[in-house]
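**Student:** just the structure for this:
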Amino acid sequence: MTNILSSWNLFLPQMVVGSLVGALLSVLGILIVLRGMTFFGVTLSQAVTFSVALSLFMEWPGEIFPVLFSCVLVFPLLYVRKLPGMKEEVILGILFVFFSAASQVMLALGGNVQNHLMAAFFGDILTSQVRADSFGLYIAVFFFILYLSFFRRFLFISFDRDEYKIQVGNPLPFDLLFYIILAASLTVAVNLLGTFYSIAHLILPVFALLPIIRSLKLLTLVCALFSVLATISGFLISLIGIERNGELIYFPTSSSIILVLCVLAFFIHLVRFLTTSVFSKSVR
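**Tutor:** Model prediction:
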């Protein structure tokens, strides 16, 4: 406990950034799951990882270049997933493996990329050089505000596309805006916190809570809180060292957070299953 308290101030920026970015992704993930595009979101996260790796390999300065490259990359992704004669899952599966392998190639080719890419794939917020005043974080907040501003319109298009065409017009511009927001937010998350971290926060909170919460406003709030709770809990777990063979070993932070997300999600579904089973038996 003393170790945790002494480390609190030292790692507070990482905790704040991890909580904020995780909460933003969990809210974005709601529409991804409602649109039935979970696999697309996971594939896009690998694509933006490649974008981050390529930007670092080319030594492009600043955090804006990987964001711009990812926003451009999302358009061919949207095109190829709708190719005639091919199942979407097949195309996305091929692209998922391609971008994962391509990122590993960047890892092998560039020594300047190696440490960052290791963090990107296996994730350790504790050792990443994140700051609460990071420019990438400002980008994420900007796109999140943009997302909230058009949330009702995105929702309308997601649930009744044909009616939107009749009442409003062509939904394509707002479709593209939604995907640009998603790509930019994922790029910031991968750049700061890692691929696995971004995937976990994008889909696990909504997977856990959607079956039990039907109100979108409440779901948005609870998903964000769920993400923040898992982030803080995982952080605290990673600060507790375990002695093994005379050495003090610490769990990787991002992996600890992801495991907490998984355990919480499984626990919620288990409680729901047991409650439903008991209620069904009592009715009989």
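
**Student:** CA atoms for contacts and neighbours, from now on please.
**Tutor:** OK.

**Student:** tell me the average confidence for the helix or strand hosting Ser256?
**Tutor:** When secondary structure is defined using DSSP states H and E, the element that contains Ser256 is helix 253-283. Regarding helix 253-283, the rounded mean pLDDT is 84.

**Student:** on contacts alone, who are the packing partners of it?
**Tutor:** If contacts are counted by 3 or more CA pairs under 8 Å, 6 or more residues apart in numbering; DSSP states H and E, helix 253-283 sits against helix 195-209, helix 216-238.

**Student:** which non-adjacent residue is nearest Gly241?
**Tutor:** When the adjacent residues along the chain are set aside, Gly241 lies closest to Tyr250, with 4.7 Å between them (CA to CA, 6 or more residues apart in numbering).

**Student:** surely that neighbour touches Leu236?
**Tutor:** No - between Tyr250 and Leu236 there is no contact, the gap being 10.8 Å when judged by CA atoms under 8 Å.

**Student:** quick revisit: tell me how far the residue nearest to Gly241 lies from Ser238.
**Tutor:** When CA to CA, to the nearest Å is applied, the distance between Tyr250 and Ser238 equals 6 Å.

**Student:** more neighbours: which of those two?
**Tutor:** In this view Tyr250 and Ser238 are compared by other CA atoms under 10 Å, and Ser238 has more residues nearby, 22 against 13.

**Student:** for the stretch 1-150 of the chain, which segments count as helices?
**Tutor:** When assigned using DSSP state H, counting those that start in this stretch, the helices of the stretch 1-150 of the chain occupy the ranges 2-8, 12-34, 38-57, 64-80, 88-109, 111-122, 135-149.

**Student:** ok, which of those helices comes nearest Leu229?
**Tutor:** Relative to Leu229, the nearest member of these by CA to CA is helix 12-34, separated by 8.1 Å.

**Student:** list the buried ones in the closest one?
**Tutor:** Across helix 12-34, burial judged by 16 or more other CA atoms under 10 Å covers 13-33.
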